[in-house]
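When you get a sec, could you give me coordinates for this:
(one chain, ligands or ions: 1)
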Amino acid sequence: MSFSAFGLSDEIIRAVTERGYTVPTPIQKQAIPAVLAGGDLLAGAQTGTGKTAGFTLPILHRLSDRSIKGPSSGRPPIRALILVPTRELAAQVEESVRDYGKYLKLSSMIMIGGVNINPQIARLKSRVDILVATPGRLLDHVQQNTLSLSQIEILVLDEADRMLDMGFIRDIKKILALLPKQRQNLLFSATFSNEIQTLADSLLNKPVLIEVARRNAIADKVTHVVHPVDRERKKELLAHLIKQHRWSQVLVFTRTKHGANKLAEFLTANGIQSLAIHGNKSQSARTLALAKFKTGSLQVLVATDIAARGIDISELPHVVNYELPNVAEDYVHRIGRTGRAGAEGDAVSLVCIDELKLLTGIEKLVKREIPSQVIAGFEPDPRIKAEPIKNGRGGEPRGAIPSRNKPKNQTTKKPAVKKPVVAGFARPTTNRAPAPRRAGGRGH
Ligand code: AMP
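Numbering: from 1, shown residues only. Just a heads-up that it's a prediction; the model follows:
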């Protein structure tokens, strides 16, 4: 099947062909006709599946199709709104809109926080057909009366699960209230929690359902490995692995912003060019670091989960979990950065004794045991005991009941530990307590 089979306009096909796409991805095969038909859509797809073109191409087609009733006179209003959770994703989506629409007379705009609002206000005075925005800044504009959403015909909520994780639900509801009732709604989410289902039920009208990858599936071309190591020796082991394997483009995940900074400093001091990106960095610093990493001039990018969300680097070969994520689903999101579009990749996790419960949770989620390999010279010291994991905000140990909800006289039980099953560590036999949700915030 080729792109021309969808009946997309010649201008769109030309842009897609120039981009080098010949065959639509599975999500595109299903989403493009569904969106062209004009109905609502609920799509389960993660980054890396080609979902952006899956909604962008048919939106461009619909907005440029003169046979579909458009605005009558005066400056055309904003007709499509694409809401995304992070600034990085907004930049990538808007770039795609511009690229796929380069032979059309449509105009797009990015609206994100962390940058001066005035140029955005000025930009809104000229034609914008498609707006790609993060919720916080969009509401700032609404408050300043610089933006009207009254003519929106198509709404996209991209990475809706992440928007909810980041605490954007109230903002989303406020935005929905500003849109005309008659419109097309497209909801994309990598996972389907009850919260997403509730949002979908309230938002979508008889949606077409599409699910490409199995829920919480991970790419088959990715090799997963766990290296057991003591918590204090992780830095050293990471530097050793990067040097030994001569990895040239490595995305490393840490749990905290502070941890990301410290690690990037350590690696750089050890001759490995590294930068950290997270919510406390300015937008320009984040954009610059990402650009350097993409072009290959930066060897290591250290990122927190939210900052890395939506990073789109084709064929990223190595992803390292310097620390396992607190929420098992984030492992899937992290690993989604490698082995994309059929390329091979490896996902390396440095796991200390504190993280065994997190590892068990991840293995349950991905329905496989991740092979464990001890690196010579970095064997874990069996005398070191597990310690509670701090979440970076001076908060409670992972898996503990938050104190305000904790029933009196209850203590946090340590997991029962069986003798070694996997090389390097004893693995706990108890099931992981559900990890608390990450606190939201717009700072990322
Ligand atoms: P996305 O899931 O939208 O973030 O896209 C993931 C990557 O796949 C991006 O680098 C796209 O440029 C690329 N891509 C999207 N559609 C296709 C296609 N039909 N053929 C090849 N690559 C594609």
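
can you list the domains in the protein?
3-211, 216-444 (automatic domain parsing).

Serialize those domains to a markdown table and add fields for mean neighbour count and mean pLDDT.
For glycine as for every other residue, the C-beta is placed from the backbone atoms N, C-alpha and C. Shown next, in a markdown table, are the domains of the chain (neighbours: other CB atoms under 10 Å; pLDDT from 0 to 100):
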| stretch | mean neighbour count | mean pLDDT |
| --- | --- | --- |
| domain 3-211 | 18 | 92 |
| domain 216-444 | 18 | 76 |
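
of all these, which lies closest to the ligand?
Of all those, it is domain 3-211 that lies closest to the ligand, at 3.1 Å by CB to the nearest ligand atom.

now do the same end-to-end measure for that closest one.
From its first residue to its last, domain 3-211 covers 20 Å (CA to CA, to the nearest Å).

Just give me how far it sits from the chain centre.
16 Å (CA atoms, centre = their mean, to the nearest Å).

Does the ligand have contacts with it?
Yes. In terms of CB under 6 Å from any ligand atom, part of domain 3-211 sits within range of the ligand, namely 21, 23-25, 28, 47-53.

now, which of those sits nearest Val226?
The closest of these to Val226 turns out to be Gly48 (CB to CB; 22.4 Å).

Specify the local secondary structure of the closest one.
coil (DSSP: H, G, I helix; E, B strand; the rest coil).

And it, its phi and psi?
As for Gly48, its main-chain torsions (degrees, to the nearest 10) stand at phi 100, psi -10.

and if you look at Gln182?
Per-residue torsions, Gln182: phi -80, psi 110 (degrees, to the nearest 10).

on that earlier part again, show me the two of the residues of domain 3-211 next to the ligand that sit farthest apart.
Longest span within those, CB to CB: Val23 and Thr47, 19.1 Å.

how long is stretch 161-171 end to end?
Stretch 161-171 end-to-end distance (CA to CA) = 14 Å.

again but with stretch 35-46, I slipped
Note: stretch 35-46 ends 18 Å apart using CA to CA.

So which residues make contact with that stretch?
With CB atoms under 8 Å, 6 or more residues apart in numbering as the test, stretch 35-46 has contacts from 6-8, 27, 30-31, 34, 51, 54-55, 58-59, 61-62, 184-192, 200, 203-213, 215, 332-333, 336.

Let's see which of these end up in helices.
In helices, judged by DSSP state H, the following of the contacts of stretch 35-46 are found: 27, 30-31, 34, 51, 54-55, 58-59, 61-62, 200, 203, 332-333.

and the nearest residue to Met163 once chain neighbours are set aside, which of the three is it?
Among residues not flanking Met163 along the chain, Pro85 sits closest, at 4.5 Å (CB to CB, 6 or more residues apart in numbering). Remark: Pro85 carries the secondary structure label coil [criterion: three-state DSSP].

how much space is there between Pro85 and Thr47?
Look at Pro85 and Thr47: by CB to CB, to the nearest Å, they are 11 Å apart.

before we move on, back to that, didn't the residue nearest to Met163 look like it was pressed against Phe168?
Yes. Between Pro85 and Phe168 a contact is recorded at 6.7 Å, counting by CB atoms under 8 Å.

mind listing the helices for the stretch 301-444 of the chain?
Assigned by DSSP state H, counting those that start in this stretch, the helices in the stretch 301-444 of the chain fall at 305-308, 328-335, 356-366.

Could you dump those into TSV with distance to Pro317 added?
Shown next, in TSV, are those (distance: least, CB to CB, whole Å):
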stretch	distance to Pro317
helix 305-308	16
helix 328-335	13
helix 356-366	20
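
Switch the ones you listed over to a markdown table; also include distance to the ligand.
Shown next, in a markdown table, are those (distance: least, CB to the nearest ligand atom, whole Å):
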| stretch | distance to the ligand |
| --- | --- |
| helix 305-308 | 13 |
| helix 328-335 | 12 |
| helix 356-366 | 19 |
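
so Thr134 touches Ala91, yeah?
No. If you go by CB under 8 Å, Thr134 and Ala91 don't touch, sitting 10.2 Å apart.

any shared contact partners between the two?
With CB under 8 Å, 6+ apart, Thr134 and Ala91 have common neighbours Ile112.

Name every strand pairing with the host helix or strand of Val252 and say which way it goes.
Element membership for Val252, per DSSP states H and E: strand 250-253. According to DSSP bridges, strand 250-253 has the following sheet partners: strand 300-303 (parallel), strand 318-321 (parallel).

all helices of the stretch 51-200 of the chain, in order?
Using DSSP H, counting those that start in this stretch, helices in the stretch 51-200 of the chain cover 51-64, 87-100, 118-123, 135-143, 160-165, 169-176, 194-203.

Who are the packing partners of the second one?
Meaning helix 87-100. helix 10-18, helix 51-64, strand 108-111, strand 130-133, helix 283-295 (3 or more CB pairs under 8 Å, 6 or more residues apart in numbering; DSSP states H and E).

Now tabulate these in CSV and tack on distance to Leu139.
Converted to CSV, the helices and strands packed on helix 87-100 look like this (distance: least, CB to CB, whole Å):
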stretch, distance to Leu139
helix 10-18, 32
helix 51-64, 22
strand 108-111, 10
strand 130-133, 9
helix 283-295, 18
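
among these, which is nearest Val225?
Minimum separation from Val225 across the helices and strands packed on helix 87-100 (CB to CB) falls at helix 283-295, 22.5 Å.
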